[in-house]
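Enquirer: My questions are about this predicted structure, shown below with the sequence.
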Amino acid sequence: MTQVASQSGESDIPSAVSSPRSTRTTTLPSPGEVFEALTWALDHDLGALQEHRRLAHLGPASRRRADDALVRRWRRVADACRGS
């Protein structure tokens, strides 16, 4: 399998797609958490929303990884706002 490299020498294929996780330390986010994260991204981080949408349509496994990544990002921002 050949990956196309960008001018910076990095792969154009996102790591979430090109290197699946071998071990999972957390459970998948609930549909409610995904909804909250999507709503947050719509209002506060359109780049994260666009990245989620781009990856989510590649297939079920990619969708789960995209949901997980978006929820983790939302939680980090929410925790930082609360000072946790």
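Expert: All right, it came through fine. Numbering: from 1, shown residues only.
Enquirer: which residue ranges form the helices in the chain?
Expert: Assigned by DSSP state H, the helices in the chain fall at 15-18, 31-44, 46-56, 60-82.
Enquirer: For stretch 54-73, buried residues please.
Expert: Neighbour-count burial for stretch 54-73, counted by 16 or more other C-beta atoms under 10 Å, picks out 55-56, 62, 65-71, 73. Just so you know, the C-beta spots here come from the backbone N, C-alpha and C atoms, and that holds for glycine as well.
Enquirer: so which of the residues you listed comes closest to residue 82?
Expert: Nearest to residue 82 out of the buried residues of stretch 54-73 is residue 73 (C-beta to C-beta; 15.2 Å).
Enquirer: before we move on, the earlier item: of the buried residues of stretch 54-73, which pair is most distant in space?
Expert: Using C-beta to C-beta, the buried residues of stretch 54-73 span at most 16.3 Å, a distance reached by 62 and 73.
Enquirer: May I have the residues that are in contact with residue 64?
Expert: Contact analysis of residue 64 by C-beta atoms under 8 Å, 6 or more residues apart in numbering lists residue 28.
Enquirer: Apologies, that question was intended for residue 27.
Expert: Residue 27 touches nothing, counting by C-beta under 8 Å, 6+ apart.
Enquirer: Look at it and report its pLDDT.
Expert: Note on residue 27: pLDDT of 89.
Enquirer: What of residue 51?
Expert: Turning to residue 51, the model gives it a pLDDT of 96.
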